[in-house]
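> please work out how this folds:
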Amino acid sequence: QNFDKALRHKNYSGMRECAKSLLLFQGGGRLISHYLGSRPIFLETNPKTFEDEAASVLETQGSKHLLDLLGRWYKHSLESVKKERVIINEVFPNADQLTEKLVQRLFEQNVQTYLNAVLIPSRERTLESLNNEEVQGFLRNIAAAYEKTRELALGLQTIGCTGIDVDSLANELFNEHLQNYPKIEFELSEAMYLSQRSQNQGKELNY
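Okay, the predicted model is just below:
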């Protein structure tokens, strides 16, 4: 309670004293979970909100603008982590451990939510359209999203989040989206081939 009260009033010296006592008697795990659970960057991550925003962009502006949206979300995440690190370094004796947990949760919760919101609707729209331009756009989006995620990882390293392998975290997130990639690419290619063959047969019948 004393820690939460100090946190609400941004009393960093009071938070620091409470953190020392809690670490001594309870260990770091509970304190880390409690603190991270109170952070706005995690409280504001509602998957439905991001899905709706991405769907609106996809519908009104097209799939290529989804990457601009992803970039804005990543920028906000990086700025949030910068602010959190100032507090963490000021308050917590186990600052490095807490920073690692912060970044790990950022990828597992926020970045995963962002990628799902951007990539899944784009993939579904591509599968429905069977349009060559849509297919190429979807493949470019995957590549661009991966590069943006790597840029986020590099940005986190630049501001001092070096105790955790952020590149590995980024790669793990894309494994889910790319594990069925060969199958998806084959299905898209096959559907496009059948569609083109049907069009050609229609032209032959008209002669």
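> check which helices and strands the strand or helix carrying Gln97 sits against.
According to DSSP states H and E, Gln97 maps onto helix 95-105. Identification of packing neighbours for helix 95-105 by 3 or more CB pairs under 8 Å, 6 or more residues apart in numbering; DSSP states H and E yields helix 28-37, helix 66-91, helix 166-178. All C-beta spots, glycine's among them, are computed from the backbone N, C-alpha and C.
> tell me the centre residue of this protein?
Val111 (1.3 Å; CA atoms, centre = their mean).
> any idea how far Glu100 is from it?
Using CB to CB, to the nearest Å, Val111 is found at 15 Å from Glu100.
> now do Pro121
Distance of Pro121 to Glu100, given as CB to CB: 32 Å.
> repeat that for Pro93.
14 Å.
> show me which of these two is the more surrounded one.
Taking neighbours as other CB atoms under 10 Å, Pro93 and Glu100 compare with Glu100 leading, 16 against 13.
> looking at the chain, which helix or strand does the model trust least?
helix 181-206 (a mean of 67; mean pLDDT, DSSP states H and E).
> any regions of this structure where pLDDT drops low?
Along the chain, the model assigns pLDDT under 70 to residues 27-28, 126-127, 129-132, 176-185, 187-188, 191-192, 195, 202-207.
> contacting residues around the residue nearest to the centre of the chain?
Tyr74, Ser77, Thr149, Leu152, Leu169, Ala170, Leu173 (CB atoms under 8 Å, 6 or more residues apart in numbering).
> tabulate those residues (JSON lines), appending distance to Thr162 and neighbour count.
Output for these, formatted as JSON lines (distance: CB to CB, whole Å; neighbours: other CB atoms under 10 Å):
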{"residue": "Tyr74", "distance to Thr162": "19", "neighbour count": "20"}
{"residue": "Ser77", "distance to Thr162": "17", "neighbour count": "21"}
{"residue": "Thr149", "distance to Thr162": "18", "neighbour count": "23"}
{"residue": "Leu152", "distance to Thr162": "15", "neighbour count": "25"}
{"residue": "Leu169", "distance to Thr162": "13", "neighbour count": "20"}
{"residue": "Ala170", "distance to Thr162": "15", "neighbour count": "21"}
{"residue": "Leu173", "distance to Thr162": "19", "neighbour count": "20"}
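> now those in a markdown table, with distance to Ile87?
Output for the contacts of Val111, formatted as a markdown table (distance: CB to CB, whole Å):
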| residue | distance to Ile87 |
| --- | --- |
| Tyr74 | 21 |
| Ser77 | 16 |
| Thr149 | 25 |
| Leu152 | 21 |
| Leu169 | 22 |
| Ala170 | 25 |
| Leu173 | 26 |
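> Phe107: which of the residues you listed is nearest?
Nearest to Phe107 among these, counting by CB to CB, is Leu169 at 4.2 Å.
> determine the three-state secondary structure at the nearest residue to that closest one once chain neighbours are set aside.
Nearest residue to Leu169 in three dimensions, chain neighbours excluded: Phe107, at 4.2 Å (CB to CB, 6 or more residues apart in numbering). The three-state assignment at Phe107 reads helix, by DSSP: H, G, I helix; E, B strand; the rest coil.
> Phe107 reaches Asp165, doesn't it?
No: using CB atoms under 8 Å, Phe107 makes no contact with Asp165, being 10.7 Å away.
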